[in-house]
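Chemist: Provided below for reference: sequence and predicted model.
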Amino acid sequence: MTKFVPVRQLEVLRRLSDGRQTLVGRLAQNRQGVFFQYDEAYCRHFHSLSPFRLAFDTRLQGAPRDPHHGLHGLFADSLPDGWGMMLMDRLFRQHGISPHDITPMDRLAFVGEHGMGALSYRPASELVASNEAAPRSNLGELGEQARRLFEGQTDTVLASLAQAGSSGGAQPRCRCISRQVTASRPVPSLPRAGALAGQVHLGHAGIGA
């Protein structure tokens with residue numbers, strides 16, 4: 001297996017309704033666990049993202065060991081479900097990295113800017129950077145590979161399929177963004193101007209929009 005160095009620090013960013021990103025704070029981990037600290041500017045201009053679990057100030061706040069594998073619940077929500085985690089584990093193995101060496105912070109780095117919700121994490125995993133430099137897969141390729149994986153016909157995972165994540169549910173699925181569809185009127189909640197977000201289910205019979 002490849003010698004693997006776990007992620008030690010991550011910046012947490014939030015995408016606002018107008019599409020801008022702002023720094024929320026920073027995550028760090030050591031042998032004692034994972035810690036979060038709000039950014040001072042965020043505390044001055046915005047509201048708490050977890051008012052019942054995180055103090056809204058700049059103190060260092062440790063995450064409980066359970067029930068989110070050592071992450072604060074706010075950030076554990078960015079991780080995929082069981083299907084997405086399985087894809088992530090297989091992709092790490094393809095790169096010679098044992099899933100036993102992977103920490104929740106490494107998984108957040110892999111999520112990067114491609115997770116569900118308004119939060120993103122940087123720096124992104126090197127696996128994400130290498131995937132973004134590779135040719136894009138089309139929906140047909142993603143659907144066929146999801147079917148083969150689901151039916152146990154292959155162990156090979158396309159990085160683009162793992163990076164697409166999963167939105168939960170009984171069947172494999174991924175999230176896709178079309179940059180060729182223009183909204184008929186400005187919709188400030190869209191992640192980017194001119195982009196239409198959607199979910200494409202990748203099930204036994206192929207692809208259903």
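Modeler: Noted; the coordinates are in hand.
Chemist: Could you spell out the sheet neighbours of the longest strand anywhere in the chain, each with its direction?
Modeler: With residue count as the measure and DSSP state E as the assignment, the chain has strand 21-30 as its longest strand. Strand 21-30 has its sheet partners listed here by DSSP bridges as strand 9-15 (antiparallel), strand 33-38 (antiparallel).
Chemist: Can you give the contact residues for the longest one?
Modeler: If I follow you right, that is strand 9-15. Contact with strand 9-15 is made by 21-29, 36, 46, 49, 75, 105, 108-109, 118-123, 191, as judged by C-beta atoms under 8 Å, 6 or more residues apart in numbering. (Each C-beta comes from the backbone N, C-alpha and C, glycine too.)
Chemist: quick one: which of the strands paired with strand 21-30 is nearest Gly84?
Modeler: For those, the distance to Gly84 is smallest for strand 9-15, at 18.5 Å, taking C-beta to C-beta.
Chemist: which residues touch Asn30?
Modeler: Residues counted as contacts of Asn30 (C-beta under 8 Å, 6+ apart) are Arg8.
Chemist: Now do the strands in the chain.
Modeler: Taking DSSP E to define them, one finds strands in the chain at 9-15, 21-30, 33-38, 61-62, 119-122, 173-178, 196-203, 206-208.
Chemist: Those strands: lowest mean pLDDT?
Modeler: Here the strands of the chain differ in mean pLDDT, and the lowest is strand 196-203 at a mean of 40.
Chemist: Okay, buried residues for stretch 75-95 please.
Modeler: Using 16 or more other C-beta atoms under 10 Å as the test for burial, stretch 75-95 gives 75-76, 78-80, 83-92.
Chemist: So which of those residues sit within helices?
Modeler: Residues of those located in helices (DSSP state H): Phe75, Ala76, Trp83, Gly84, Met85, Met86, Leu87, Met88, Asp89, Arg90, Leu91, Phe92.
Chemist: Looking at the fourth one now. What's its pLDDT?
Modeler: Just to be clear, that refers to Gly84. Each residue has a pLDDT score; the one for Gly84 is 80.
Chemist: which residues of the protein score low on pLDDT?
Modeler: 1-2, 128-139, 142, 145, 149-209 (pLDDT under 70).
Chemist: what's the domain layout of the protein?
Modeler: 8-77, 80-103+126-171 (the TED database).
Chemist: could these be laid out in TSV, adding distance to His114?
Modeler: Supplementary listing: the domains of the chain in TSV, determined by distance: least, C-beta to C-beta, whole Å:
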stretch	distance to His114
domain 8-77	12
domain 80-103+126-171	5
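Chemist: what about His47, how many neighbours?
Modeler: Around His47 there are 8 other residues, counting by other C-beta atoms under 10 Å.
Chemist: Which parts of the longest strand of the chain count as buried, going by neighbours?
Modeler: Under 16+ other C-beta under 10 Å, the buried positions of strand 21-30 are Val24, Gly25, Leu27, Gln29.
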